[in-house]
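>>> sequence plus predicted model, see below.
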Amino acid sequence: MNWITVIINLLLVLVTFLTVLYAKKTLHMEYSSQVIVRRYTWGYDIKREKPHYWEVLVKNVGKGYIVKAFILLSVKHKKKYNLFKLYYLSKPVVELNPGEERKILLELWDEELKKGYFNKAKLEVIYQDSLGNIFAVKPKIKDWNSHLETFDKLPKKMSKLGVRYWLYIIKMKIAKKQGNTSPEMLRREIKMKQYYIRSLIKPLNKEDTK
C-alpha cells in the first residue's frame, strides 16, 4: 500500500513538472521576441554634426514586443597599459512591436576616434524583451555585402546566472563611467557648445561701459 502511495505521488510530481514546463514554453512562444539585423552601415559623413556613424536596421520577427534595444560598440584603447576597452552605448529604441523595423544610430565626433582603434571596433545589438530576457546579436560585417552570401547570426539569450550576462552588465557600467552613453555624451556636447560660446564673447572693459 505504501509503495502505491509513493508511485502515485511521484506521478503527480512528474505531471506537475511537465505542466509547468509546457506552460513556460507556451508563455515563451507567445511573448518571446527575436530581433534580426536587416542592414548595417558605418562610415563618415561631413554633412553630419557628428560625422562618424554606425547604423543598424533591426526588425522584431517575434510575437512579443522589445522593451529596449541599443548598439554596444567595443573599441580597443590606444593607451598601451589601459586594461579596459572603450565602450559606447547608442541612444536606445524603445517598444519595438512585432513586425516593426527601426534604426539604431550611434554618432561620434572626430575627437573620439583619437582615443581608440575604431577600424577594428566590435558592434553588437543588445536588447531586452517583454519577459525581461537579455539578448545579444552581432551582425556579420567582415566583407562588403557578405551578409548576402551567408546565414544571419541569430540572437543569443543571456542567462542571469551565467558569466556572459554579467560581462555585458560590466561593459555597460564601464561605458557610463567613461561618459560614453547617450545621456553622458549629450551632456558633454552641451558643455562643449557652452565653452565655445563663452570663448566668442569677449569681456567688456571698464572703458567700454562708460
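Okay, I see it. Numbering: from 1, shown residues only.
>>> what element comes up after the helix or strand of the chain with the lowest mean pLDDT heading to the C-terminus?
Here the helix or strand of the chain ranked lowest by mean pLDDT, DSSP states H and E is helix 2-31, holding a mean of 71. Using DSSP states H and E, the helix or strand that follows helix 2-31 in sequence is strand 35-44.
>>> from the chain's centroid, how far away is the next helix or strand after that following strand?
Note on strand 35-44: by DSSP H and E, the next helix or strand toward the C-terminus is strand 52-60. Distance, stretch centre to chain centre, for strand 52-60: 11 Å (CA atoms, centre = their mean, to the nearest Å).
>>> roughly how far does S90 sit from W3?
Noted for S90: a distance of 63 Å to W3, by CB to CB, to the nearest Å. (Glycine included, C-beta is placed from N, CA and C.)
>>> so which elements touch the helix or strand containing Y195?
If you go by DSSP H and E, Y195 is part of helix 182-200. In terms of contacts (3 or more CB pairs under 8 Å, 6 or more residues apart in numbering; DSSP states H and E), helix 182-200 is not packed against any helix or strand.
>>> if you count neighbours, what's buried in that helix?
S182, M185 (16 or more other CB atoms under 10 Å).
>>> what are the contacting residues of it?
By CB atoms under 8 Å, 6 or more residues apart in numbering, the surrounding residues in contact with helix 182-200 are L89, S90, K91, P92, K176, G179.
>>> reformat those into a markdown table and put secondary structure and pLDDT next to each item.
Below are the contacts of helix 182-200 laid out as a markdown table (DSSP: H, G, I helix; E, B strand; the rest coil; pLDDT from 0 to 100):
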| residue | secondary structure | pLDDT |
| --- | --- | --- |
| L89 | strand | 96 |
| S90 | coil | 95 |
| K91 | coil | 93 |
| P92 | coil | 93 |
| K176 | helix | 93 |
| G179 | coil | 92 |
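>>> check these and tell me the two furthest apart.
P92 and G179 (17.1 Å; CB to CB).
>>> more neighbours, the two?
P92 (18 against 12; other CB atoms under 10 Å).
>>> list the contacts for the more buried one?
Contacts of P92 by CB under 8 Å, 6+ apart are K68, A69, F70, I104, S182.
>>> now which of those would you call buried?
A69, F70, I104, S182.
>>> now those residues as a markdown table including secondary structure, pLDDT and distance to L83?
Shown next, in a markdown table, are those (DSSP: H, G, I helix; E, B strand; the rest coil; pLDDT from 0 to 100; distance: CB to CB, whole Å):
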| residue | secondary structure | pLDDT | distance to L83 |
| --- | --- | --- | --- |
| A69 | strand | 93 | 29 |
| F70 | strand | 93 | 24 |
| I104 | strand | 94 | 28 |
| S182 | helix | 88 | 25 |
